[in-house]
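Trainee: Sequence below, structure please.
(one chain, ligands or ions: 1)
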Amino acid sequence: MIERLLDSAKKVASEIKNREFVRVISHHDADGITSAAIICHALLRCSIPFQTTLLSRLDEGILEILRDSTKEGDLLLFCDMGSSQGEILAMIQRELGIDIVVIDHHRYQKEPPTGIFQVNPHSVGLDGAFEVSASGCTFTVAQELGDNVDLSGLAITGALGDKQRMVGVNKDILGVAVKNGIVRVKKGLKIADGEIREELELSTEPYIHRDEKNDIGAFLEELGVKGRLWDLSSSDENRLIDALIAKIKARASEDAIEDIVGERYILNFEVIPDAIGLMQTIDACGKRGKMGLALSLCMRDRNGIDEASAIRVDFQRKVVRELSAVDQNIHERDGFRYIFAEDRDITGAFAGAIIRYLYPDKPIFVINRLEKVSKISARGTRALVASGVDLSEVMRIAASKVGGVGGGHNVAAGGSIPVGTEDEFVKALDEVL
Ligand SMILES: [Mn+2]
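Mentor: Coordinates of the predicted model:
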């Protein structure tokens, strides 16, 4: 499948080659950060100077960021954003007169403005939602700039961050990674490597619901399992897996139960060799505004490991704490549930864990009240989508009814509504769901 991206990857690479300076802008999530790291490594190796900025989203504010940090003739490279924001690209072209290339995997309506090359799986009939992420697309471009096969581990990490599957282009990249000794694959429990008790207590994927404190400790003691996950004997690990499945079965979705076990990726060239752990660490750092720290880890600087790991622990602890109170705080309606959350950084992880591990039978809407707007995260399951639920449409319709905006994917959507319209929004949901 990867060959389908090659034409566009070659074009973008030829735009990059021989530049005096490349301005990189990428997204602040795990996929965006690994994408930025892949292109930064490749640029370093080509001796092309660059500057990188990681953003939560692309809007008009980009002009101010670029005005002081680019000059005519520079190349601006977007990763993990840009394909569906043609108006902003056109505005940058018009205002700043710089060249632009885009490496993205999001669906888009209109082709980019004239003169802008892009790598996007959707333009060659591939699905950017699950078979290749921005990091995979960026890796194909990096391979056109030199021998950068060692960066394939970062591409896999980015795909994990976007909850993708190892099919299509991802599968090709994994094949290249394994063949070249960059990544090793081992089947097992899919949680981060670490002290097993701590990791289970921190885990939101899977989230293990517990009523009393120290429940996990007693659970492990009873099983007679302790130590680091990667050091467990296969019989211990299998017993643990069976017991975990029994524990989450009553409430989790089918998908979520199946996803507990699968391929784990061991990254031979990264400072955190566990792909799940690296993904969670950079994701948490990005959400907490420590994008530079996250990027430095992916640039293989070991200095930030302790600080970044502490941010991951803190972030996940927060999500787990909110999850443990869901039963008391959730509101149930005929066709959906909703809940208020205070920390907007954790909203996505929070909503994802509720639908997968606690309440999979109806769509969930998590509402964050901010100063002027309330942010909404909506999540469904594959089964709900199969039964006709399209959260992108639901969000678009219900949010616009109360003067807000919404959209996204059928299974995961979001939006924002004016503060104070939450009750009205819930009523609007009642009408569509
Ligand atoms: Mn992405």
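Trainee: okay, CA-based contacts and neighbour counts for the rest of this
Mentor: Will do.
Trainee: in which helix or strand would I find the nearest residue to Leu154 once chain neighbours are set aside?
Mentor: The spatial neighbour of Leu154 that comes closest, neighbours along the chain excluded (CA to CA, 6 or more residues apart in numbering), is Thr34 at 5.6 Å. Taking DSSP states H and E as the criterion, Thr34 maps to helix 30-45.
Trainee: counting contacts, what elements does the helix or strand just after that helix pack onto?
Mentor: Counting by DSSP H and E, the element after helix 30-45 in chain order, helix or strand, is strand 50-55. Strand 50-55 sits against strand 22-27, helix 30-45, with contacts defined as 3 or more CA pairs under 8 Å, 6 or more residues apart in numbering; DSSP states H and E.
Trainee: so where do the helices sit in the stretch 251-400 of the chain?
Mentor: Remark: helices assigned in the stretch 251-400 of the chain by DSSP state H, counting those that start in this stretch are 254-258, 275-287, 291-298, 305-324, 326-329, 347-353, 382-386, 391-401.
Trainee: Now tell me which helix or strand of this structure has the poorest mean pLDDT.
Mentor: strand 405-408 (a mean of 88; mean pLDDT, DSSP states H and E).
Trainee: Show residues contacting that strand.
Mentor: Defining contact as CA atoms under 8 Å, 6 or more residues apart in numbering, one finds that strand 405-408 is touched by 391-400, 413-417.
Trainee: 10 Å instead, please
Mentor: Identification of contacts with strand 405-408 by CA atoms under 10 Å, 6 or more residues apart in numbering yields 375-378, 390-400, 413-418.
Trainee: circling back to that earlier point, tell me how many other residues crowd the residue nearest to Leu154.
Mentor: By the criterion of other CA atoms under 10 Å, Thr34 has 38 neighbours.
Trainee: Hmm, Asp162 and it touching each other?
Mentor: No - when contacts are counted by CA atoms under 10 Å, Thr34 is not listed as touching Asp162 (11.2 Å).
Trainee: Which neighbours do those two have in common?
Mentor: 134-135, 279.
Trainee: Can you give me the distance of Ile16 to Ser47?
Mentor: Ile16 sits 11 Å away from Ser47, going by CA to CA, to the nearest Å.
Trainee: pLDDT weak spots in the protein?
Mentor: Low-confidence segments of the chain (pLDDT under 70): 211-214.
Trainee: Most distant residue from the centre of it?
Mentor: Here the chain reaches farthest from its C-alpha mean at Glu222, the gap being 35.1 Å by CA atoms, centre = their mean.
Trainee: Spell out the secondary structure type for that residue.
Mentor: What DSSP: H, G, I helix; E, B strand; the rest coil gives for Glu222 is helix.
Trainee: show me what contacts it?
Mentor: Per CA under 10 Å, 6+ apart, neighbours of Glu222: Ile216.
Trainee: what residues are up against the residue nearest to Lys163 when sequence neighbours are not counted?
Mentor: Distances taken as CA to CA, 6+ apart place Phe130 nearest to Lys163, at 7.4 Å, with adjacent residues excluded. Residues counted as contacts of Phe130 (CA under 10 Å, 6+ apart) are 105, 159-160, 162-170.
Trainee: Whichever of those end up buried, select them in PyMOL.
Mentor: With 16 or more other CA atoms under 10 Å as the criterion, this PyMOL line picks the buried residues out of those:
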select buried, resi 105+159+160+162+164+165+166+168+169+170
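Trainee: Would you format the contacts of Phe130 as a markdown table with distance to Lys290 and secondary structure included?
Mentor: Converted to a markdown table, the contacts of Phe130 look like this (distance: CA to CA, whole Å; DSSP: H, G, I helix; E, B strand; the rest coil):
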| residue | distance to Lys290 | secondary structure |
| --- | --- | --- |
| His105 | 24 | coil |
| Ala159 | 20 | helix |
| Leu160 | 20 | helix |
| Asp162 | 19 | coil |
| Lys163 | 22 | coil |
| Gln164 | 24 | coil |
| Arg165 | 27 | coil |
| Met166 | 28 | coil |
| Val167 | 31 | coil |
| Gly168 | 32 | helix |
| Val169 | 30 | helix |
| Asn170 | 27 | helix |
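Trainee: Closest one of the contacts of Phe130 to Phe78?
Mentor: Proximity of the contacts of Phe130 to Phe78 (CA to CA) peaks at His105, which lies at 11.3 Å.
Trainee: quick one: that closest one and Ser123, what's the gap?
Mentor: From His105 over to Ser123 the distance is 9 Å, taken as CA to CA.
Trainee: follow-up on the earlier one: would you mind checking the shared contacts of Thr34 and Asp162 for buried ones?
Mentor: Buried members of the shared contacts of Thr34 and Asp162, counted by 16+ other CA under 10 Å: 134-135, 279.
Trainee: correct me, but Gly136 touches Ile39?
Mentor: No - the criterion here is CA under 10 Å, and Gly136 misses it with Ile39 at 11.1 Å.
Trainee: Show me the common contact partners of these two, please.
Mentor: Taking CA under 10 Å, 6+ apart as the criterion, Gly136 and Ile39 both touch 142, 151.
Trainee: For Cys298, give me its contacts.
Mentor: The contact partners of Cys298, by CA under 10 Å, 6+ apart, come to 33-38, 40-41, 151, 154, 269-272, 278-279, 282, 292.
Trainee: nope, Glu422 is what I meant
Mentor: By CA under 10 Å, 6+ apart, the contact set of Glu422 is 340, 367-369, 373-376, 399, 402, 428.
Trainee: Identify the residue spatially nearest to Ala36, adjacent ones excluded.
Mentor: Spatial nearest neighbour of Ala36, chain neighbours left out: Ser26 (6.1 Å); criterion: CA to CA, 6+ apart.
Trainee: Would you mind measuring from that neighbour to Ile92?
Mentor: Going from Ser26 to Ile92 by CA to CA gives 16 Å.
Trainee: Looking at these two, which has the bigger crowd around it?
Mentor: Applying other CA under 10 Å to Ser26 and Ile92 shows that Ser26 carries more neighbours, namely 29 against 20.
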